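Novice: heads up, no residue letters with this:
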């Protein structure tokens, strides 16, 4: 045998001499080396064989138990979503309706594509739906039922059932859909539900949502999500090799979801909606004595069922609508309060001693800080003549309030209006509330880099300039006038199941002379009752007495001195979007008011002609409803 | 001489006519045992893939093509392409460099080449081509290799292993080195050098471990303590062991393995298909599979040791060892005694590349028998 470890040169030469001899030698070497490897591999495979015997024979029972455990799974049981109704009439507003959805559990489908194509062809599924399915599929872990399509038609269900043997990984599941009975009437209040997002599922520590769950995305559906959702139960089940349930081991029932009852009034809501006639705007009515919201309408509105996927509709076109139908103007819209702010500023004047009820000025149609200075013009070209506070409110004299404002400071106005809730959220139980804007020196400096000018204060005097409020905020502020000092947190929900929500006192406004509340109310009554009042057009001596104030919010300031205000406005109003907003705030009936109403009609031009009649009709109707109840 | 007669008898039933099956097959025992494992593999793949017909159909196409390729190669005189085989090394080298420079975005590590119609891992091809290539080089003069031949071969093998290590794929890198080193060892490479190198490695192993990437270190840690990372890599091994153990002696029955069907076994259709076999067919099923594998390996060595040429002998024996080593690595990995490396179970796991290369290699072994002329 040749010594392979140290091949002598002679042996190499030997191969050349006799090829056959070399071949024989190399075969022997190969066999010897092969035996070394085989011997080594034998010991390696011995380890493997021993391990296999250990697993399958010695530890078999342990592993069998272990694998049985893998067949036990916990299935959540979701309670059906709570209903939403009206507290007073017990009328149902939102219900759950049963629909069928097709789900795919793709862990058992390696050929997912062919299955999907087959299902798609057989029962007819739009390409877009399939694309969405794949998107969800790719962004989620395996082993989950993922919706291929929901809301199957009866025909689709039938076609599926006939062919379902072909698609073992698919399943038909009944689920509940949210249906808003009155479509758009309560849209901004109720809000809508939507598919749970990835983020929401990550934040969901109690595992209340499955990948296919829907939850409240806005409005009551969102703010009362916890109550409407209920508490999830679960079942522990054993599954077979196909993942199908074999038997149930344990069941914990879900806690029933709560039903929500709103304080809103169906008929008033309809009346307000009709009054706005589809124009952009908002109507808010609250009971000043407890904050319960009776009307909350934002126009234009939308059908929440489109989001709930219980009605057909094109969300994209709604979304791109420049009238912003999804925008809840009643709680998020920022409007200059305009002349509706005058009663509050009058009260400030009285409180700070700058004026009393006898203080008179000459209104010649404009106000100047000094001779030759800028002219601040009133809405009435020729002026209102000799004016005291009472007349200034009744006739809405701008010049009176310019002069009053010029004698105060922005700091005074800021801190006084703050008492009435301006510039702050009311805390209503809805999503998306805005706080409006109550300007101050620091705010302006921070925002524009400019310091506060006297001219800014003068503009503030007639509720114009930087100040904006939301209709709801205005309603709460006016309610303070109605209750002579008290403000309650506005609430849409009156009771949860059978538990009434307690009224919550937000704040109390105390003034030095209590009688000023009464006198101010007298002036606001005269706005309607007095022949020269700006809202005299809605006066009817046979109806309940109402206190109110009109407002006309300018969008574009009138600065061209060579034209009269009227002439200049004629040019401006050619662009509908630049027309004034019409406002009316009021409450009634006097002496025991039970409803505060705020009406804003965007580009409605006239507070008295457009906004006031809507408010009056609501207050009147409410009284009739109250009477019929008794 | 008696062995010859026995072989003749075994072949007889298939050689009734003039141009017989055994004329094409060259070795009926090898071909039919390979076929048995292939068909068995398709059935197991159906179960392991969650009863995916399309996956089984695709695999069947690979099986059919590979089988035909095997028979085709069996008809060619291996000496006529010894040079080509030797130079396949360069193609392999180019492919490896290609994947390092142009990584396929769809995979985390740089292992794949996408040819549009199909994509494959060059490293999977190389671990079968390399031993053939080295064998062809070492036996090109029909002589015992010189030290310089061994040195050149060793450098070539180390270069390829290093490139795969850069992908990064430590497991495959070691496997490729082992398969490339096989023919070197078989031609009588001095044992003392090997012992020296191994002891050096033992001393240096702490340093080498420190130089490994986190992912490779994790894999080694997992081997020693699978519970350290129950939902990561260790979870896979734990579930695989649970599947094998719960299968017991008789198994849970075809298509009835809960671990397999409920998707607890990772990569159940490819690298971990052995766990599916064990769970559903039990120790009996595994034993039968091992028996079929043993026949294949026995037949390969039977042919190898009777080959006329040194090249045929060396290359066939290398193929036999590579096949055996792959089985051992895959099974050891699935039963949890070595770290998880990407080695499919030969002839059974899903995947065209591995299947085709094994079958073509068997074709080579068959062609060696033709040359022997018995």
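Specialist: Alright, I've got the coordinates. Computed from a predicted model, the values in this text were never measured in an experiment.
Novice: all helices for the stretch 351-500 of chain A, in order.
Specialist: A:389-394, A:398-407, A:410-419, A:441-448, A:454-460, A:471-483 (DSSP state H, counting those that start in this stretch).
Novice: Single out the most deeply packed of the ones you listed.
Specialist: Comparing the helices of the stretch 351-500 of chain A on average neighbours per residue, with mean count of other Cβ atoms under 10 Å in any protein chain shown, the densest one is helix A:471-483 at a mean of 27. No exception for glycine: its C-beta is placed from N, CA and C like everyone else's.
Novice: near chain A at all, stretch B:75-85?
Specialist: No. Figure legend: stretch B:75-85 not in contact with chain A (Cβ under 8 Å from any Cβ of the partner chain); closest approach 13.9 Å.
Novice: Next up, the contacts around residue 366.
Specialist: In the absence of a named chain, chain A is used. With contact taken as Cβ atoms under 8 Å, 6 or more residues apart in numbering or on different chains, residue A:366 is in contact with A:375-378, A:383, A:399.
Novice: That was the other one, I meant chain B.
Specialist: B:25-27, B:30-31, B:70-71, B:73-74, B:303.
Novice: make it 7 Å
Specialist: If a contact means Cβ atoms under 7 Å, 6 or more residues apart in numbering or on different chains, then residue B:366 has B:26-27, B:30, B:74 as its contacts.
Novice: Same question for residue A:377.
Specialist: Counted by Cβ under 7 Å, 6+ apart, residue A:377 has contacts A:365-366, A:558, A:565.
Novice: Would you mind measuring from it to chain B?
Specialist: For residue A:377, the distance to chain B (Cβ to the nearest Cβ, to the nearest Å) stands at 69 Å.
Novice: Report the beta-bridge partners for that residue.
Specialist: On the basis of DSSP bridges, residue A:377 is bridged to residue A:366.
Novice: What's the per-residue pLDDT of it here?
Specialist: The score at residue A:377 is 87. That number is its pLDDT.
Novice: now do residue B:139
Specialist: For residue B:139, pLDDT reads 88.
Novice: swap in the one 10 residues further on?
Specialist: In the predicted model, residue B:149 carries a pLDDT score of 89.
Novice: Only the buried residues of the top helix by length along chain B, if you could.
Specialist: Counting by DSSP state H, the longest helix found in chain B is helix B:273-304. Neighbour-count burial for helix B:273-304, counted by 16 or more other Cβ atoms under 10 Å in any protein chain shown, picks out B:273-283, B:285-286, B:289-290, B:292-293, B:295-297, B:299-304.
Novice: same for the next helix or strand after that helix, what does it pack against?
Specialist: Using DSSP states H and E, the helix or strand that follows helix B:273-304 in sequence is helix B:310-335. Helix B:310-335 sits against helix A:19-53, helix B:122-138, helix B:170-186, helix B:233-247, helix B:273-304, helix B:352-372, with contacts defined as 3 or more Cβ pairs under 7 Å, 6 or more residues apart in numbering or on different chains; DSSP states H and E.
Novice: and helix B:310-335 with helix A:19-53, angle?
Specialist: Between helix B:310-335 and helix A:19-53, the angle comes out at 10 degrees (axes from the mean of the first three to the mean of the last three Cα atoms, to 10 degrees).
Novice: Quick check: residue A:549 is in a helix.
Specialist: No. According to DSSP: H, G, I helix; E, B strand; the rest coil, residue A:549 belongs to no helix; its state is strand.
Novice: I'd like to know the phi and psi angles of the nearest residue to it once chain neighbours are set aside, please.
Specialist: Leaving aside its sequence neighbours, residue A:549 sits nearest to residue A:340 (Cβ to Cβ, 6 or more residues apart in numbering or on different chains; 4.9 Å). Per-residue torsions, residue A:340: phi -70, psi -10 (degrees, to the nearest 10).
Novice: my read is residue A:283 is in a strand, agree?
Specialist: Yes. Under three-state DSSP, residue A:283 sits within a strand.
Novice: Where does the nearest residue to it once chain neighbours are set aside sit: helix, strand or coil?
Specialist: In space, and not counting its chain neighbours, residue A:283 is closest to residue A:272: 3.9 Å by Cβ to Cβ, 6+ apart. What three-state DSSP gives for residue A:272 is helix.
Novice: Neighbours of the residue nearest to residue A:594 when sequence neighbours are not counted, how many?
Specialist: Leaving aside its sequence neighbours, residue A:594 sits nearest to residue A:287 (Cβ to Cβ, 6+ apart; 5.8 Å). If you count neighbours by other Cβ atoms under 10 Å in any protein chain shown, residue A:287 ends up with 21.
Novice: could you list every residue that touches residue A:287?
Specialist: A:294, A:594-595.
Novice: Close to chain A as well: tell me which of the buried residues of helix B:273-304 qualify.
Specialist: B:278, B:282-283, B:286 (Cβ under 7 Å from any Cβ of the partner chain).
Novice: okay if I get these as CSV plus pLDDT?
Specialist: Converted to CSV, these look like this (pLDDT from 0 to 100):
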residue, pLDDT
B:278, 95
B:282, 94
B:283, 95
B:286, 95
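Novice: where does the stretch 201-350 of chain B have low pLDDT?
Specialist: Where the stretch 201-350 of chain B drops to pLDDT under 70, the residues are B:219-233.
Novice: In it, which residue sits closest to chain A?
Specialist: Across the stretch 201-350 of chain B, the shortest distance to chain A (Cβ to the nearest Cβ) belongs to residue B:245, at 2.6 Å.
Novice: so that residue touches residue A:63, yeah?
Specialist: Yes. Between residue B:245 and residue A:63 there is a contact under Cβ atoms under 7 Å: 2.6 Å.
Novice: what sits in contact with each of these two?
Specialist: In contact with both residue B:245 and residue A:63: residue A:55, using Cβ under 7 Å, 6+ apart.
Novice: Looking at those two now, which is surrounded by more residues?
Specialist: It is residue B:245, of residue B:245 and residue A:63, that has more neighbours when counted by other Cβ under 10 Å, with 28 against 22.
Novice: check contacts around that one.
Specialist: A:55-56, A:59-60, A:62-63.
Novice: hmm, 8 Å instead?
Specialist: A:55-56, A:59-60, A:62-64, A:66-67.
Novice: neighbours around residue B:241, how many?
Specialist: 24.
Novice: Number of residues surrounding the nearest residue to it once chain neighbours are set aside?
Specialist: Closest residue in space to residue B:241, ignoring its immediate chain neighbours: residue B:336 at 5.2 Å, by Cβ to Cβ, 6+ apart. Using other Cβ under 10 Å, residue B:336 has 21 other residues around it.
Novice: Pretty sure residue B:336 sits against residue B:242.
Specialist: No. Assessed by Cβ atoms under 8 Å, residue B:336 is found out of contact with residue B:242, at 10.4 Å.
Novice: Format the helices and strands packed on helix B:310-335 as a markdown table; extra columns: distance to residue A:217.
Specialist: As requested, the helices and strands packed on helix B:310-335 are exported to a markdown table (distance: least, Cβ to Cβ, whole Å):
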| stretch | distance to residue A:217 |
| --- | --- |
| helix A:19-53 | 55 |
| helix B:122-138 | 50 |
| helix B:170-186 | 49 |
| helix B:233-247 | 37 |
| helix B:273-304 | 45 |
| helix B:352-372 | 48 |
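Novice: closest one to residue A:434 among those?
Specialist: Evaluated over those, closeness to residue A:434 peaks at helix B:233-247, with 50.2 Å, by Cβ to Cβ.
Novice: can you give me the offset of that closest one from its chain's centre?
Specialist: Offset of helix B:233-247 from its chain centre (Cα atoms, centre = their mean, to the nearest Å): 23 Å.
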